[in-house]
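>>> Need a 3D model of the sequence below.
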Amino acid sequence: MNRRGILVSASIVALSLGMGATGCGRAEPVSAVESGRAAVEANRPNIILITLCSFRGAHMGVAGYQRNTTPFLDSLADDGVYFENAVSASSWTKPAVASILTGLTPNVHGLTDVSRGSDIRGGHTAPKRILADGIVTLAECLRDAEYATAARVNNVHAGEFFNMTQGFDDAVTAHGMDTPAMLDDFASWLQNLDRGKPFFFFMLTRDVHIPYDPDYESYVRFNRSTEVVERERFPGYCRWLRKRVEEQVDHGRRVSPELRRKWIDLYDAELAQLDRALSRIPTLLADADCLANTLIVVTADHGERFFEHGRVGHSHVPDEAVVSIPLVFSGLDLPSGRRIRPVVRSIDVFATLAALAGAEPPDVLQGTSLLPLISGEADRLPKLTAFSSFMNAHHTLRDEAFKLHLRPDGRRELYDVVDDPAESFDLIDRNAEVAQRLDKELLRWLDQEEKLRSLVAHGTVRALTPELIEQLRSLGYVQ
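Sure thing, here's the model as predicted:
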């Protein structure tokens, strides 16, 4: 089988978006009657893909959150297209990011193993799987379409060690690099860019990942407690609060409303700080004369849990709080303020951006281009279902209204995620018809994964270095 598949329809791109000039420079309108690959190649957009680690999409203003945590991201959604029901392929970073960058579900690309505290034996951990060289990444796809490619990543699970940055001409994985520093690098990279080529810039930031430690000003702004911790005591307060919450959760104890508020306040302060940092992007693009012809895509690897089912953080269980993610397309001349309700998936990002770039997709690609939804031609796209999993053991299947869980012990649970997003009331015995329909669809996904695994390359494993183990420890992956 060839490494590449059939070309996407270039006419969809030209008709839908009216893209501007290639690379950085003045954007010229494209007539709606222009179609074909030549038009696309002459007018390919620059693409920025921002992936936010541990980002709870429900805490955005555009999602109805009442606190002003994300004014910049909300403005992108207001000026572009916001997908209300986007779903991640997994509940933690490594498989979730691999799915975004390959358009494949975890059991197909193979990155289903997880680093646990119990892995450590005598100072060592079991080797972990890395992404196979033979799997075509989004960066490789766009680079082959003559895009300049670069990546900045500060979560090791999404970086060079696990081979996630293959295909990027310029890639930096740096645990200590925060979002402002990443954007500084982006600005420098733009200034040295070949202006005759379009660019693809990928950025993954874990700035809102546990441990929550926002700057003091953001903490004061979002603190709802009657007590305001003094500046010099604030770092110790963040450590104390994390320890206190995790102790209560680990022992199954009831967490008081006040403790919940304190925990969420820290997270919301982190969100606001991240949003403020990201708000530089339009200015950076304008300074490089790239703003008019650049598409900004914002999504997340996974969400974050706030005491649903007695848990915090993410991983382990692909419940709604964790696999529900934001997805925003903004820039170019996209429809302004379009909100799309049908379910879409993180695996669809690859196919959509390849279509926009007029690039040839790989032979094996489970995602679907979302351009029909973006351009208002939803009837050209069949209704999608979202399949998510954790370690190929806990699987979920979601449509617009319902979600089915297939747990490791074989139990099935059904939830109405519209009326019951916390997944509190199991409907498996009350709605047999829906359960049977979703069960059939979930089994189809599992069967598809089994068949596709034989068609893609399999990655090897790599021993974790002491430095990387310490980085994972700081993020709570190992203890």
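>>> what ranges do the strands span in the stretch 1-150 of the chain?
Here the stretch 1-150 of the chain has its strands, by DSSP state E, counting those that start in this stretch, at 46-52, 81-83, 86-87, 128-129, 148-153.
>>> Of these, which is nearest Gly410?
Gly410 lies closest to strand 86-87 among those, at 22.9 Å (CB to CB). (Each C-beta comes from the backbone N, C-alpha and C, glycine too.)
>>> tell me what that closest one is packed against?
On a contact count with 3 or more CB pairs under 8 Å, 6 or more residues apart in numbering; DSSP states H and E, strand 86-87 meets strand 324-325, strand 344-345.
>>> So which of the strands of the stretch 1-150 of the chain is nearest Tyr216?
strand 46-52 (22.3 Å).
>>> Not counting its own residues, what contacts that closest one?
23-24, 97, 100, 138, 142, 147, 158, 198-205, 208, 274, 278, 281, 290, 293-301, 326, 349, 353, 356-357 (CB atoms under 8 Å, 6 or more residues apart in numbering).
>>> On the three-state scheme, Arg221 is what?
helix (DSSP: H, G, I helix; E, B strand; the rest coil).
>>> Distance check, it against Asp178.
The spacing between Arg221 and Asp178, counted by CB to CB, to the nearest Å, is 19 Å.
>>> number of nearby residues for the residue nearest to Ala401 when sequence neighbours are not counted?
Once flanking residues are discounted, Ala401 sits nearest to Val418: 5.2 Å by CB to CB, 6 or more residues apart in numbering. Residues within reach of Val418, counting by other CB atoms under 10 Å, total 11.
>>> State the distance from Val418 to Glu400.
Taking CB to CB, one finds Val418 at 8 Å from Glu400.
>>> swap in Ile48?
Distance from Ile48 to Glu400, by CB to CB: 29 Å.
>>> These two: who's more crowded?
With neighbours defined as other CB under 10 Å, Ile48 and Glu400 compare such that Ile48 has more, 22 against 15.
>>> bridging residues for that one?
Under DSSP bridges, the beta-bridge partners of Ile48 are Phe201, Ile296.
>>> Distance to Gly459, mean neighbour count and mean pLDDT for the helices and strands packed on strand 86-87 - can I get that in TSV?
Listed next are the helices and strands packed on strand 86-87 as TSV, based on distance: least, CB to CB, whole Å; neighbours: other CB atoms under 10 Å; pLDDT from 0 to 100:
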stretch	distance to Gly459	mean neighbour count	mean pLDDT
strand 324-325	24	26	96
strand 344-345	22	27	98
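>>> so can I have CSV of these showing distance to Ala269?
Below are those laid out as CSV (distance: least, CB to CB, whole Å):
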stretch, distance to Ala269
strand 324-325, 21
strand 344-345, 30
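>>> Gly167: which of these is closest?
Nearest of the helices and strands packed on strand 86-87 (CB to CB): strand 344-345, 21.2 Å.
>>> Report the strands that pair with the closest one, each with its relative direction.
strand 86-87 (parallel).
>>> now the partner strand, how far from the centre of its chain.
Remark: strand 86-87 is offset 9 Å from the chain centroid, using CA atoms, centre = their mean, to the nearest Å.
>>> Show me the contact partners of that strand.
By CB under 8 Å, 6+ apart, strand 86-87 touches 57, 299, 323-327, 343-346, 386, 388, 398.
>>> Same question for stretch 421-439.
Contact with stretch 421-439 is made by 58, 308-309, 319-321, 324, 385, 397, 399, 402-404, 406, 412-417, as judged by CB under 8 Å, 6+ apart.
>>> After the helix or strand hosting Ser388, heading C-terminal, what element do we hit next?
Taking DSSP states H and E as the criterion, Ser388 maps to strand 386-390. Beyond strand 386-390 on the C-terminal side, the first helix or strand identified by DSSP H and E is strand 394-398.
>>> could you check the angle strand 386-390 makes with the helix or strand following that next one?
Using DSSP H and E, the helix or strand that directly follows strand 394-398 along the chain is strand 402-406. Taking axes from the mean of the first three to the mean of the last three CA atoms, to 10 degrees, one finds strand 402-406 and strand 386-390 inclined to each other by 30 degrees.
>>> Mind giving me the packing neighbours of strand 402-406?
Applying 3+ CB pairs under 8 Å, 6+ apart, one finds that strand 402-406 contacts strand 394-398, strand 412-416, helix 432-453.
>>> Make TSV out of the ones you listed and add distance to Ala77 and mean pLDDT.
Putting those into TSV (distance: least, CB to CB, whole Å; pLDDT from 0 to 100) gives the following:
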stretch	distance to Ala77	mean pLDDT
strand 394-398	21	96
strand 412-416	25	97
helix 432-453	29	96
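>>> ranking those by burial, who's on top?
Neighbour counts (mean count of other CB atoms under 10 Å) averaged over each of the helices and strands packed on strand 402-406 peak at strand 394-398, with a mean of 24.
>>> Tabulate the CA atom coordinates of stretch 211-230 in PDB.
Extracted in PDB, the C-alpha atoms of stretch 211-230 (Å, rounded to 0.1, in the frame of the first residue of the first chain):
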ATOM      1  CA  PRO A 211       0.200  21.700  39.800                       C
ATOM      2  CA  TYR A 212      -1.900  24.900  39.500                       C
ATOM      3  CA  ASP A 213       0.400  27.800  40.300                       C
ATOM      4  CA  PRO A 214      -0.800  31.000  38.700                       C
ATOM      5  CA  ASP A 215       0.800  34.300  39.200                       C
ATOM      6  CA  TYR A 216      -0.200  36.200  42.300                       C
ATOM      7  CA  GLU A 217      -2.300  38.900  40.500                       C
ATOM      8  CA  SER A 218      -4.400  36.200  38.700                       C
ATOM      9  CA  TYR A 219      -4.900  34.400  42.000                       C
ATOM     10  CA  VAL A 220      -6.200  37.600  43.700                       C
ATOM     11  CA  ARG A 221      -8.500  38.300  40.800                       C
ATOM     12  CA  PHE A 222     -10.200  34.900  40.900                       C
ATOM     13  CA  ASN A 223     -10.000  34.200  44.600                       C
ATOM     14  CA  ARG A 224     -13.600  33.800  46.100                       C
ATOM     15  CA  SER A 225     -12.500  33.100  49.600                       C
ATOM     16  CA  THR A 226     -12.800  35.800  52.300                       C
ATOM     17  CA  GLU A 227      -9.200  35.200  53.000                       C
ATOM     18  CA  VAL A 228      -6.500  36.400  50.600                       C
ATOM     19  CA  VAL A 229      -3.200  34.700  51.000                       C
ATOM     20  CA  GLU A 230      -0.200  37.100  51.200                       C
END
